[in-house]
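Trainee: sequence below, structure please.
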Amino acid sequence: MRGKTVVPTKRDMPGFGVMKPETMVMASLGGAIGGAIAGGIADSQGRAQVAKHRLPIPDETISTQVMKKLVAKTGVRPLPAPASKVADEKPASIAAQYQPADYVLDVRTTGWMGMYYPMTFTKYFITYGAQMRLIEAKSGRIVAQGFGSYQGKDKANAPNFSGIYANDAAFLRAETRKGTDIAIQTFTAQF
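Mentor: Okay, here's the model as predicted:
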């Protein structure tokens, strides 16, 4: 890869939602339609909070750090992310969209949400998951791939619902950072 070029993909802010007990009741009583409505409400409220607190896009946080490690380990030359965002999830489509780079580093959030601890109902944890793919642009072939996931487990220090967003979303920021750090470690081990 030495001397070749690599470009990171650009993505929108992923969805974030918090499933509260009443949201789960609505989802369970309403079947698939109720679940879709409850999920939509949680996602809409979560996106509003993420925007209000101006959280960084987790995919970009991961991509920046993974790119540094990739450059250091392989000697590949980084290119800046173009303005166009990923339009299709297929590796060949992503490769075609991000030409003329030799490789494309694609990082995407696969899940990001808050959930209450079962049988507690007033304490919340955050989960975060991401996927990384290094795609050879000429062929559209995935040459390295990884998945990283995190689930908060500190029930003793878990906040209530409003605590997720208190102090400029400090809890959400810290827990998301733990998730992105795990993804960075997992992905850089793939090279």
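Trainee: got the buried residues for the single longest helix found in the chain?
Mentor: Ordering each helix of the chain by length in residues (DSSP state H) puts helix 161-188 first. The neighbour-count check on helix 161-188 (16 or more other Cβ atoms under 10 Å) flags 161, 163-165, 169, 171-172, 175-176, 178-184, 186-188 as buried. Where you see a C-beta, it was placed from the backbone N, CA and C, and this is true even at glycine.
Trainee: before we move on, what about stretch 62-71?
Mentor: 62-67, 69-70.
Trainee: keep only those of those that are in helices.
Mentor: Counting by DSSP H, the buried residues of stretch 62-71 contribute 62-67, 69-70 to helices.
Trainee: tell me the one of the residues you listed nearest Arg47?
Mentor: Using Cβ to Cβ, Ile62 comes nearest to Arg47 of these, at 19.4 Å.
Trainee: surely the closest one meets Ala130?
Mentor: Yes. If you go by Cβ atoms under 8 Å, Ile62 and Ala130 touch, sitting 5.9 Å apart.
Trainee: please pull out the lowest mean pLDDT helix or strand from the protein.
Mentor: helix 21-29 (a mean of 59; mean pLDDT, DSSP states H and E).
Trainee: how about His53: what's its closest non-neighbour residue?
Mentor: Take His53 and drop its neighbours on the chain: the residue closest to it by Cβ to Cβ, 6 or more residues apart in numbering is Ala169, 4.0 Å away.
Trainee: that'll do, ta.
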